[in-house]
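> Sharing a model that was predicted from the sequence below.
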Amino acid sequence: IIKSICKKLGNAPKATYSMVAIATANGIFRPTFTMMKKGENPESKKYAALREGLTEAIAVPSYIICGEIGSKLGAYIGGKAKEKELNGLIQKGKTFTKETMDEMISVASKRGSSGLNLICICAAAGLIIPAVCSACVTPIMNKIGAKKPSAPMPKEAPIAPPTQLIQQPQRKITHPVFKNMTYSGMKVGGV
């Protein structure tokens, strides 16, 4: 079973496979580790774990949909671009067999498919999933009835004794000024 899975994944590598695997693992392990934290408020842990699970549940289908759209569109664009390039070469006088042209178009389609698949997966991770999560997660959490736990009340600081006010002096304090002292003969550093 493992050999056939590895062979199938190796014959048609897509960025979608790795991202779906990562999102699935995150959807399982992140909420689990969040719930295992010791010393945290149980309501906070439940809320955070549910939110993490919902985020990854949104991410998996988003990766699949965006990846497939990118693959199909990339294959089409790559194939058409290579076909146009070959037609230009034929008009300039080059000759190709039908099999050679089909093979070149097929290779270009596969390259375009994998390239645009990766670009669409990156767009999904950076743009689509955060947008969908910000639009959907909070309403879903409200429907489920999970409310964000309120922050604990800060402990009151002990009341400090009142400070004594410093009284202003009645007369002006003057500092002694040495008017007769000259600084011309003094050396710094004892040299």
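Received the coordinates, thanks.
> Next up, phi/psi of Ile166, please.
Here is the backbone geometry of Ile166 (degrees, to the nearest 10): phi -90, psi 130.
> so what's it up against?
If you count contacts by C-beta atoms under 8 Å, 6 or more residues apart in numbering, Ile166 has none. Where you see a C-beta, it was placed from the backbone N, CA and C, and this is true even at glycine.
> So for it, what's the pLDDT?
The model reports Ile166 with a pLDDT of 76.
> same deal with Glu83?
91.
> again with the one 4 residues further on
Reading off the per-residue confidence, Asn87 sits at a pLDDT of 89.
> The one 4 residues further on now?
The per-residue pLDDT reported for Gln91 equals 89.
> how about Tyr17, what does it touch?
Counting by C-beta under 8 Å, 6+ apart, Tyr17 has contacts Leu9.
> cool, and Lys110?
Per C-beta under 8 Å, 6+ apart, neighbours of Lys110: Ala75, Gly78.
> State the distance from it to Lys172.
92 Å (C-beta to C-beta, to the nearest Å).
> what's the answer for Gly53, then?
In terms of C-beta to C-beta, Gly53 sits 73 Å off from Lys172.
> the more surrounded of those two?
Gly53 (17 against 5; other C-beta atoms under 10 Å).
> so where does that one fall, helix or strand?
Using DSSP states H and E, Gly53 maps to helix 42-91.
> got it, and Pro13?
Short version: Pro13 belongs to no helix or strand, going by DSSP H and E.
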